[in-house]
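Asks: sequence plus the predicted model coming up.
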Amino acid sequence: MNIPFTKMHGLGNNYIYIDGFKVDLKEEHLPNLAKDVSNVFTGIGSDGLILMLPSDFADVRMRIFNKDGSEAMNCGNGLRCVAKLAYDLGYVKTQTFKVEAKSGVVDAEVELEQGLVKNVTIDMGQPILERSQIPMKTLTGAEEDHVIQEPFLVGEEDLYATAVSMGNPHVVFYVDDIADAPIQTVGPAVTDDQRFPEGVNVEFVEVVNDSEINFRVWERGSGITQACGTGACAAVVSSVLNDYVPKGDEVTVHLDGGDLMITWKEDGHVMMKGPAVTVASGEYYWQKI
Ligand SMILES: N[C@@H](CCC[C@H](N)C(=O)O)C(=O)O
C-alpha cells in the first residue's frame with residue numbers, strides 16, 4: 001500500500017502526518033504503521049505517527065501514536081503541526097479554529113508571516129492535578145490530592161516528584177544542571193514505574209530564573225525527544241506550584257530543539273506558543289498490507 005505523508009516537526013519533535021481527509025486507514029493497522037514509519041533504518045524515521053482527521057466536534061481532529069505504537073491522549077507539538085497542516089491544505093479558512101484531540105477540544109491560532117504559517121498558539125486548557133486522574137498511585141496507599149515534591153526513590157536516585165496531567169501524564173524532577181540530568185537511566189525506569197499505571201512522560205527541569213527554565217524529556221512510548229509540548233506546559237505548571245515562577249507570566253522553556261513560550265494564566269488555562277515546520281512530503285511504501 002502506498003501512503004501519502006507529510007513529515008513535520010515542532011522544535012525537532014518530529015512525526016509522520018497522514019491526511020485522514022483523503023487516506024482511509026484501518027484501525028487495526030495503525031499501531032504497526034506507527035512503529036514501521038518511525039523506524040529510522042527501515043522506515044522514514046520519526047517520534048511517531050499523527051493522523052489529521054475530520055471531526056464531529058471541531059474543525060479538525062488529531063490522533064497521535066508514539067514510536068512504540070501506543071496511542072496517546074494528547075500531543076502539544078502535534079497540535080501545532082496539525083493546525084498548520086489544516087490551514088496549509090485549506091481544511092480551515094480562518095486563522096483561529098478548533099482542534100480535537102483524544103483528551104478534548106482546544107482552540108488554535110495560526111500566525112502568518114508572508115502568507116505562511118510559522119508560529120501557532122494553542123489554548124491547552126486546564127492542567128489536571130488530582131493524583132487519581134494523572135493517574136499516579138502511592139506505594140503506601142496514601143491518597144494526598146496533589147503530587148508536589150513527593151519523595152520518589154528510583155534505583156539509587158533520591159528524587160522529588162511533581163505530577164501534572166495535560167490530558168496525558170507527566171512527572172517533573174528538578175535538577176541543578178540540566179546537562180547532568182540522569183535522563184538515560186531515570187527516564188525509562190520512571191516511565192515504567194508501578195506508581196504510574198498508564199506510564200508517564202518524564203521531565204527534568206533546571207530553573208534558570210523566574211521567567212526561564214531548561215527542560216529535557218523522556219517521552220512515554222518514544223524515549224528521548226528534542227521537545228515535548230505537553231511536557232513543557234506541565235513543567236511550567238509544576239514550576240508555578242513549586243513557587244519557582246509566578247502564575248500569569250509567560251515562561252520561556254528551553255528544550256533541546258528550541259524554545260516554547262508557555263503561560264499558565266490566572267483563569268487556569270495554559271497557553272503554548274511555538275513553531276510548526278513542514279520538512280518533506282512523499283509516499284511511504286508499506287509492505288505489510
Ligand atoms: N511529544 C508530545 C507528546 C506525545 C505523547 C506522549 N509521548 C504520551 O505518551 O503521552 C508533545 O509534544 O506533547
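Replies: Sure thing, it's come through.
Asks: residues in the chain within reach of the ligand, list them.
Replies: Within the chain, the positions near the ligand by Cβ under 6 Å from any ligand atom are 13, 64, 66, 72, 75-78, 168, 201, 219-222, 225, 228-231. Any C-beta I mention is one placed from the backbone N, CA and C, and that applies to glycine too.
Asks: can you list the domains in the chain?
Replies: With domains defined by automatic domain parsing, the chain comprises 2-123+275-285, 131-268.
Asks: now mean pLDDT and mean neighbour count too, for those, in CSV please.
Replies: Compiled in CSV, the domains of the chain are given as follows (pLDDT from 0 to 100; neighbours: other Cβ atoms under 10 Å):
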stretch, mean pLDDT, mean neighbour count
domain 2-123+275-285, 98, 19
domain 131-268, 96, 19
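Asks: export the helix or strand hosting Cys81 as PDB, just CAs?
Replies: According to DSSP states H and E, Cys81 maps onto helix 76-88. Included here for helix 76-88 are C-alpha records, laid out as PDB according to Å, rounded to 0.1, in the frame of the first residue of the first chain:
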ATOM      1  CA  GLY A  76       1.400  19.700  22.100                       C
ATOM      2  CA  ASN A  77       3.800  19.800  19.200                       C
ATOM      3  CA  GLY A  78       1.400  17.600  17.200                       C
ATOM      4  CA  LEU A  79      -1.500  20.100  17.800                       C
ATOM      5  CA  ARG A  80       0.600  23.000  16.500                       C
ATOM      6  CA  CYS A  81       1.600  21.000  13.400                       C
ATOM      7  CA  VAL A  82      -1.900  19.700  12.700                       C
ATOM      8  CA  ALA A  83      -3.100  23.300  13.000                       C
ATOM      9  CA  LYS A  84      -0.500  24.400  10.400                       C
ATOM     10  CA  LEU A  85      -1.300  21.400   8.100                       C
ATOM     11  CA  ALA A  86      -5.000  22.000   8.200                       C
ATOM     12  CA  TYR A  87      -4.500  25.700   7.400                       C
ATOM     13  CA  ASP A  88      -1.900  25.000   4.600                       C
END
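Asks: how far off centre is that helix?
Replies: 13 Å (Cα atoms, centre = their mean, to the nearest Å).
Asks: Provide a list of residues in contact with Thr42.
Replies: Asp36 (Cβ atoms under 8 Å, 6 or more residues apart in numbering).
Asks: what helices or strands is the host helix or strand of Ile262 leaning on?
Replies: Following DSSP H and E, one finds Ile262 within strand 258-264. Secondary structure elements in contact with strand 258-264, counted by 3 or more Cβ pairs under 8 Å, 6 or more residues apart in numbering; DSSP states H and E, are helix 229-241, strand 250-255, strand 270-275.
Asks: re the thing from before, got the angle for the helix holding Cys81 vs strand 270-275?
Replies: Orientation check (axes from the mean of the first three to the mean of the last three Cα atoms, to 10 degrees): helix 76-88 against strand 270-275 gives 60 degrees.
Asks: pull the distance from whichever helix or strand comes after helix 76-88 to the chain's centre.
Replies: Heading C-terminal from helix 76-88, the first helix or strand you meet, by DSSP H and E, is strand 96-101. In this view, strand 96-101 has its centroid 16 Å away from the chain centroid, taken as Cα atoms, centre = their mean.
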